[in-house]
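Predicted model follows, preceded by the sequence.
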Amino acid sequence: MRKDYMDTVEPGTGLTPREKNAIRDTWAVVMQEKAKNGFLFFKKFFEMFPEMQGYFPFKDVELDDLEEHAFFKIHAGKVFNKINDMVENLYNVSELVGIIKGVGSDHAPRGITAGAFENLREAFLAFLFERMSATI
């Protein structure tokens, strides 16, 4: 039996077209309330990994007050815009790799480690699970 195209893993990303479409659909829902979801994502990240807040200029701001902090709002918007760039380039591997490398290059001088990005990934998945569960 021949594998359907939608379920064929593409080597550049390790994702199938079906998975890429699911990512795009999920992300479109998140972006409908970008500011709110940016706050909720970072709140989840700092709840799960409180030490990570120490890397930011808003390190002493209470979690519930972050939503009104000017620099936080700017940073959360930039992060979501960068994720949006990645999602938009799921079918353009060379561009996607360039975006990811750029994020690494921007963060490495600040001492942000691969472990910090693993924490971010874990918190992001938890955030998405909670937000998508709330929309069902």
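Ah, there it is. Here the structure is a predicted model, which means the values were calculated and not measured. Numbers count the residues shown, from 1 in each chain.

Going by C-alpha atoms from here, please, whenever you check contacts or count neighbours.
Will do.

Can you tell me how far the spatially most central residue of the chain is from Lys44?
In the chain, the C-alpha nearest the mean C-alpha coordinate belongs to Ile83, at 5.3 Å (Cα atoms, centre = their mean). Distance of Ile83 to Lys44, computed by Cα to Cα, to the nearest Å: 17 Å.

ok, back up a step: now the residue nearest to the centre of the chain: how far from Asn21?
Following Cα to Cα, the distance that separates Ile83 from Asn21 is 15 Å.

Of all the helices and strands in this protein, which has the lowest average confidence?
helix 114-135 (a mean of 93; mean pLDDT, DSSP states H and E).

quick one, what contacts Leu15?
Contact analysis of Leu15 by Cα atoms under 8 Å, 6 or more residues apart in numbering lists Val9.

If it is in a bridge, with which residues?
Judged by DSSP bridges, the bridge partners of Leu15 are Glu10.

Per-residue confidence, it, what does it come out as?
If you check Leu15, the pLDDT there is 96.

Please renumber the chain so that the first residue is 42 from this point on.
Right, with 42 as the first residue, what we last looked at is Leu56.

ok, Asp66 - how many residues close by?
12 (other Cα atoms under 10 Å).

tell me which element it is part of?
helix 58-72 (DSSP states H and E).

and that helix, what does it pack onto?
Under the contact definition 3 or more Cα pairs under 8 Å, 6 or more residues apart in numbering; DSSP states H and E, helix 58-72 sits against helix 111-129.

Between helix 111-129 and whichever helix or strand comes after the helix it packs on, find me the angle.
Per DSSP H and E, the first helix or strand lying C-terminal to helix 111-129 is helix 134-148. If you take axes from the mean of the first three to the mean of the last three Cα atoms, to 10 degrees, helix 134-148 sits at 160 degrees to helix 111-129.
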